[in-house]
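Visitor: Dropping a prediction and its sequence here:
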Amino acid sequence: MTTLKPEVFHILLALMDGERHGYAIMNDVAQRTEGEIKLLPGVLYRHLHRLLDGGLIDELDRRSIPEGTDERRRYYRVTDDGVAAARAETLRMVKLVEVAKGKDLLADAGS
């Protein structure tokens, strides 16, 4: 598998908790990264379209969207392939952190 862009990884993380619409994904990413990653709508939807095309997420059928929600919103969920991609990216980062630890790069970080 290829390395995921940080924005894409965070989108997948946001969808791990369940189905969400774009605005909720943007808020989740901004909150989790303490504002470090801010997904503007154009960037978010470009990534969502690529994730859809790659089979890493699905768009929910309008009939399966909960009642009382704005019908204009599109809801997304992560697929099994999306979970596998996020898991592979997580393992890649864990290995990278282990290398950094071996180089004593985390000595002052309290680990």
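Guide: Thanks, I have it.
Visitor: and V78, what does it touch?
Guide: Going by C-beta atoms under 8 Å, 6 or more residues apart in numbering, V78 touches 12, 15-16, 56-57, 86. Bear in mind the C-beta positions are built from the backbone N, C-alpha and C, glycine included.
Visitor: These: which two are farthest apart?
Guide: Largest separation among the contacts of V78 by C-beta to C-beta: M16 and L56, giving 11.9 Å.
Visitor: Off-centre distance for the helix or strand containing D58?
Guide: Following DSSP states H and E, one finds D58 within strand 57-59. Offset of strand 57-59 from its chain centre (C-alpha atoms, centre = their mean, to the nearest Å): 12 Å.
Visitor: For it, buried residues please.
Guide: By neighbour count with 16 or more other C-beta atoms under 10 Å, strand 57-59 contains the buried residues 57-58.
Visitor: More neighbours: M16 and L56, which one.
Guide: Per other C-beta atoms under 10 Å, whichever of M16 and L56 has more neighbours is L56, with 24 against 11.
Visitor: So the more buried one sits against T79, correct?
Guide: Yes. Judged on C-beta atoms under 8 Å, L56 makes contact with T79 at a distance of 6.0 Å.
Visitor: Let me see the ranges of the helices in the protein.
Guide: Here the chain has its helices, by DSSP state H, at 6-16, 22-32, 41-53, 80-102.
Visitor: Let me know which of those is the nearest to R74.
Guide: Closest to R74 of the helices of the chain is helix 22-32 (C-beta to C-beta; 6.8 Å).
Visitor: helices and strands around the closest one, which ones?
Guide: Where contact means 3 or more C-beta pairs under 8 Å, 6 or more residues apart in numbering; DSSP states H and E, helix 22-32 is packed against helix 6-16, helix 41-53.
Visitor: so which of those helices comes closest to L105?
Guide: Nearest to L105, of all the helices and strands packed on helix 22-32, is helix 6-16, at 19.0 Å by C-beta to C-beta.
Visitor: That concludes my questions; thank you for your assistance.
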